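Peer 1: sequence and predicted structure, then a few things I'm wondering about:
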Amino acid sequence: MRRIYSFLIVTILSFAMLTACKDNPEPIDDPQPEAPVLNTRDFNIIAWEGGIYNFAIEYNTDFEIEIDADSQPWIEFIQTKATTSGRLEFKFAANDCYNSRIGKATLKDKKGKAEPVEITFIQEEKKISEAEADIYDLGVTPGILDFKQEPFVWKVTPRYDYSKLYMSKLFLGMANYDGEYLGWCKMRDNGTQSVNLTFEQALEVIKGLDAITPGLKKIIYLVGWQYLGHDSKYPAFFAGNEALKRTGDKDALESLRWLMKEARSYNTIVSLHINMFDCYVDSPIYEKYLAADVLCKDRSGNLIHGDWGYKVCYPAEWDAGLSQWRLDTLCQLLPIAEQGTLHIDAFHSKIPIPGPDGNIIGRGSPLSPYHGYSAQDDIDAKKKIVAYMDAKGIDITCEGTGNDVGTGVTPREGWFPAYWGYSDLLTHLLALNAQQATGPNCSLEILGTNANAETIFNNGLPREQQFEWFKKDFCKKSVIYLYLNNFGRKQMQYDPGDSNGRNIAIFEKGVRTFYDRGNMHLAKDGNVLAENGDIFVPAVWLDDQSLVAFSENGYSTHTWTIPAGCTITPDTPAYTIDYTGKTPFTDFTVNGRQVTLSLAPGQMVIFSKAIVQ
């Protein structure tokens, strides 16, 4: 755990000059001026172990001491040691777990003739050694991969810091199809669909998510909002899914606009999941794209089958002005610029080539040999699309790090502020910090991953069970992910002989994670914050004093050490959290830096002054 430098600097903001000692004070002169005077001298004290200290003061008037409310838990005025000139005694609580903090006391003339003197106590922090922080051990000689920051430059202007928010999808519906090509590849819809959530039901889910994540900004991309659902009618995305609309609305797009507006009341930005690559033969613009000759073809001029329909040739579409036309039309239909973000699915730089057994047997590059564009032309066209939307004030996030167009250049170019699948170890996870590249579904869980609302709310379970599942994953994954994103990565250690993926991650400022066969462990400065489905982790999205407690299996009693930098007192507001809201929680006791709790299985509690009842 974090310890404190063995001194406390006290700064006097008025009259300056107070001196502290713990043993025998030296006598000071008492000038006894004619006017009322409160006068102090600078001082330093030994503070981290606590104790009683007295400070020199000169005065010739009656005065009183006021301790600032936020300082009262750790600073106490005891007594005046002399009548006209001498010492004040203060008691400082033991605080070997604290970060830097500030305390204040004010000396006031009772008659109001002398100006008040405000004393500011500045307590410095002391980092513990690396050896003290390293509480996890793989038990074998580990393989080691060090983080090495690549030179980096943003090529777009991100509207959001995706490392500090919750990003996910909601699956609304799926267009059904028959496997016309190779018995499994889609070429068109079959006219039916499977609806999972209507727009009204999506808002009810968003309300529940916000109740579980109070105060946290969220971005939700809707999958299946168009035509007959997910993967329907591309490359067109100009009409809503009428099966999802509200009763009384003119059409599904009106309902979608309503959802986007209403979701903002629940800290949520709703935007869309679209596709710029696939082309189906039943699309309303299929013939238009055939005539414009912007679909991928082999050298003989035959259309190339991908895993999902034919494929759009990015540079050909861009040069024909059709990429711009598609995106402009979408932004005219829906307030995408107001939302400031858009997710492009399957934004591949190579064509997935399907085989007869249902597997991908190759990746085609360049995309369209017939057109004569190079693989670099394909990538440059993707950059143009992203830059075009950036100029409209819209971030583009994409499906995975494999779609990145900034890899392999120096300095590294930042085009996508977030990836849905975040999995590339050497070019992303151990080369860029969380603010430069992040994503909710990290393949290396020791670096932080996220609750997947798309999966959770698309499984047929009763809604209450879905929310309980989300709450569990949010606490065990997202809370830790948001916390870890505040610390620089230093090193990954792995067990070379363990295929189950036992790993340790070392972060800056004494933060460590250990992933062991599905169990995520977290510690800071040797203080355990998460283990075996139990967490006691700062809720960093609220403020630096809020914490989340959760237990997957429950416990009758568990004592946690309050993390460095946080303060919990018996008067700190605490709430049990679920999808219906919050209720006051009182089943805890505080003893110095220790908090003892009792939690039921699946119970989530937030300690925070930032949550208003």
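Peer 2: Thanks, I have the structure now. Numbering: from 1, shown residues only.
Peer 1: any chance you could map the helices in this structure?
Peer 2: Along the chain, counting by DSSP state H, helices occupy 130-133, 199-212, 252-263, 286-292, 314-319, 322-333, 336-339, 375-391, 453-456, 463-473, 479-484.
Peer 1: in the third one, what's buried?
Peer 2: Going back to what we said before, that points to helix 252-263. Ala252, Leu253, Ser255, Leu256, Arg257, Trp258, Leu259, Met260, Glu262, Ala263 (16 or more other CB atoms under 10 Å). C-beta coordinates here come from the backbone N, C-alpha and C atoms, glycine included.
Peer 1: out of the helices of the chain, deepest packed?
Peer 2: helix 479-484 (a mean of 25; mean count of other CB atoms under 10 Å).
Peer 1: for the residue nearest to Val205 when sequence neighbours are not counted, what are phi and psi?
Peer 2: Spatial nearest neighbour of Val205, chain neighbours left out: Phe457 (5.6 Å); criterion: CB to CB, 6 or more residues apart in numbering. Note on Phe457: backbone dihedrals following degrees, to the nearest 10 are phi -100, psi 30.
Peer 1: next, count neighbours for Phe457.
Peer 2: The number of residues packed near Phe457 is 25, by other CB atoms under 10 Å.
Peer 1: lowest mean pLDDT among the helices and strands of the protein, which one is it?
Peer 2: When each helix and strand of the chain is scored by mean pLDDT, DSSP states H and E, strand 3-12 comes last, with a mean of 33.
Peer 1: tally of neighbours for Glu552?
Peer 2: So Glu552, with other CB under 10 Å, has 15 neighbours.
Peer 1: wait, doesn't it sit right on Asp534?
Peer 2: Yes. The pair Glu552 and Asp534 qualifies as a contact (CB atoms under 8 Å) at a distance of 7.0 Å.
Peer 1: can you list the residues that contact stretch 508-520?
Peer 2: 2, 127-128, 130, 132-136, 445-448, 476-477, 480, 484, 487-490, 500-507, 521-526, 530-533 (CB atoms under 8 Å, 6 or more residues apart in numbering).
Peer 1: of those, keep whichever come out buried.
Peer 2: Buried members of the contacts of stretch 508-520, counted by 16+ other CB under 10 Å: 2, 128, 133, 136, 445-448, 476-477, 480, 484, 487, 489-490, 502-507, 521-526, 530, 533.
Peer 1: those residues in strands, which ones?
Peer 2: Arg489, Lys490, Asn503, Ile504, Ala505, Ile506, Phe507, His521, Leu522, Ala523, Lys524, Ala530 (DSSP state E).
Peer 1: among those, which two are most distant?
Peer 2: Pairwise distances across those peak at 19.0 Å for Lys490 and Ala530 (criterion: CB to CB).
Peer 1: and Asp357, what is it in contact with?
Peer 2: Asp357 touches nothing, counting by CB under 8 Å, 6+ apart.
Peer 1: hmm, try it at 10 Å
Peer 2: Asp357 makes contacts with Leu182, Gly183, Trp184, as judged by CB atoms under 10 Å, 6 or more residues apart in numbering.
Peer 1: measure it to Ile351 for me?
Peer 2: According to CB to CB, to the nearest Å, Asp357 and Ile351 sit 18 Å apart.
Peer 1: compute the first-to-last residue distance for stretch 586-605.
Peer 2: 10 Å (CA to CA, to the nearest Å).
Peer 1: okay, buried residues for that stretch please.
Peer 2: Buried, per 16+ other CB under 10 Å, within stretch 586-605: Phe588, Val590, Arg593, Val595, Leu597, Leu599, Gly602, Gln603, Met604, Val605.
Peer 1: between Glu552 and Asp534, which contacts overlap?
Peer 2: Residues touching both Glu552 and Asp534 (CB under 10 Å, 6+ apart) are Cys475, Lys476, Leu599.
Peer 1: show me which of those residues is closest to Lys384.
Peer 2: For those, the nearest to Lys384 is Lys476 (40.5 Å; CB to CB).
Peer 1: rewinding a little: and the buried residues of helix 252-263, which is closest to Trp74?
Peer 2: Closest approach to Trp74 among the buried residues of helix 252-263 (CB to CB): Ala263, at 41.9 Å.
Peer 1: the closest one - nearest residue in space that isn't next to it in sequence?
Peer 2: Val270 (4.4 Å).
Peer 1: can you list the domains in this protein?
Peer 2: Domain ranges of the chain: 3-126, 127-147+488-531, 152-476, 543-613, per automatic domain parsing.
Peer 1: check the offset of the third one from the chain's centre.
Peer 2: In this case it means domain 152-476. Here domain 152-476 is found 20 Å from its chain centre; the criterion is CA atoms, centre = their mean, to the nearest Å.
Peer 1: quick one: end-to-end length of that domain, please.
Peer 2: Start and end residues of domain 152-476 are separated by 31 Å (CA to CA).
Peer 1: and the gap between Pro335 and Trp184?
Peer 2: Plainly put, Pro335 is 37 Å away from Trp184 if you go by CB to CB.
Peer 1: how about Asn176, nearest residue that isn't a chain neighbour?
Peer 2: Distances taken as CB to CB, 6+ apart place Thr192 nearest to Asn176, at 4.5 Å, with adjacent residues excluded.
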